[in-house]
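**Student:** Sharing a model prediction with you, sequence too.
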Amino acid sequence: MALVEWRLEYSVGVQSIDLQHQKLFEMVNELYSAMRMGNVAEVVPIILERLEIYCRKHFSYEESMMLQAEYPDYLRHKTEHAKLMEKVLVLAKDFDDDTLMRSLALLGFLNEWLQRHVISSDRQYSAYLQSAGIV
């Protein structure tokens with residue numbers, strides 16, 4: 001059972017970015033699954049580390065595409081990415097494998113942020129990337 005399913009409304013119209021977003025959704029679902037199975041202490045720190053690495057890679061790629069397309073709201077978007085990374089690092093650092101509540105808070109935050117960010121922020125650069133020939 002997945003926490004969040006990829007839907008067409010999440011598409012930004014750029015295949016490489018859509019695939020990366022789908023991978024982020026999979027990682028959130030992996031975190032959810034580990035928590036449901038009771039593998040918080042063993043698995044969650046590993047997933048969080050992979051998620052941090054993947055987010056950095058994805059954000060860097062996405063930001064380079066925005067620069068290439070001369071996206072006018074680049075700095076605001078880059079700031080959103082930085083704030084997410086800061087929050088994830090704080091939550092991961094404070095993660096206490098004896099506390100399921102921290103895991104639930106982290107999962108809820110990541111799930112809500114990812115969906116909201118893709119729909120409200122990422123879709124805004126879609127037309128700029130496509131008009132620059134990035135598909």
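**Tutor:** Arrived safely, thanks for sending.
**Student:** Point out where this structure drops to low pLDDT.
**Tutor:** For the chain, applying pLDDT under 70 flags the ranges 94-101.
**Student:** Nearest spatial neighbour of R36, chain-adjacent residues omitted?
**Tutor:** The shortest distance from R36 to any non-neighbouring residue, by Cβ to Cβ, 6 or more residues apart in numbering, is to M1 (7.6 Å). From N, CA and C alone the C-beta is placed, and that goes for glycine too.
**Student:** gap between the one you found and Y32?
**Tutor:** 8 Å (Cβ to Cβ, to the nearest Å).
**Student:** just checking, what's the longest helix in the protein?
**Tutor:** helix 40-68 (DSSP state H).
**Student:** mind listing what's buried in stretch 102-113?
**Tutor:** R102, S103, L106, L107, L110, N111, W113 (16 or more other Cβ atoms under 10 Å).
**Student:** With stretch 119-130 instead?
**Tutor:** D122, Y125, S126, Y128, L129.
**Student:** now stretch 57-72
**Tutor:** Those would be H58, F59, E62, E63, M65, M66, A69, Y71, for stretch 57-72 by 16+ other Cβ under 10 Å.
**Student:** Chain neighbours aside, what residue packs nearest to the first one?
**Tutor:** Yep, that's H58 we're talking about. Of all residues beyond its chain neighbours, the one nearest H58 is Q20 (4.7 Å), with distances taken as Cβ to Cβ, 6+ apart.
**Student:** what's near enough to touch the one you found?
**Tutor:** H58, Y61, E62 (Cβ atoms under 8 Å, 6 or more residues apart in numbering).
**Student:** Any figure for the gap between the closest residue to L67 other than its chain neighbours and S120?
**Tutor:** Spatially, and ignoring its direct neighbours in sequence, L67 is nearest to Y74 (6.3 Å; Cβ to Cβ, 6+ apart). Noted for Y74: a distance of 16 Å to S120, by Cβ to Cβ.
**Student:** Next: H58.
**Tutor:** Noted for H58: a distance of 17 Å to S120, by Cβ to Cβ.
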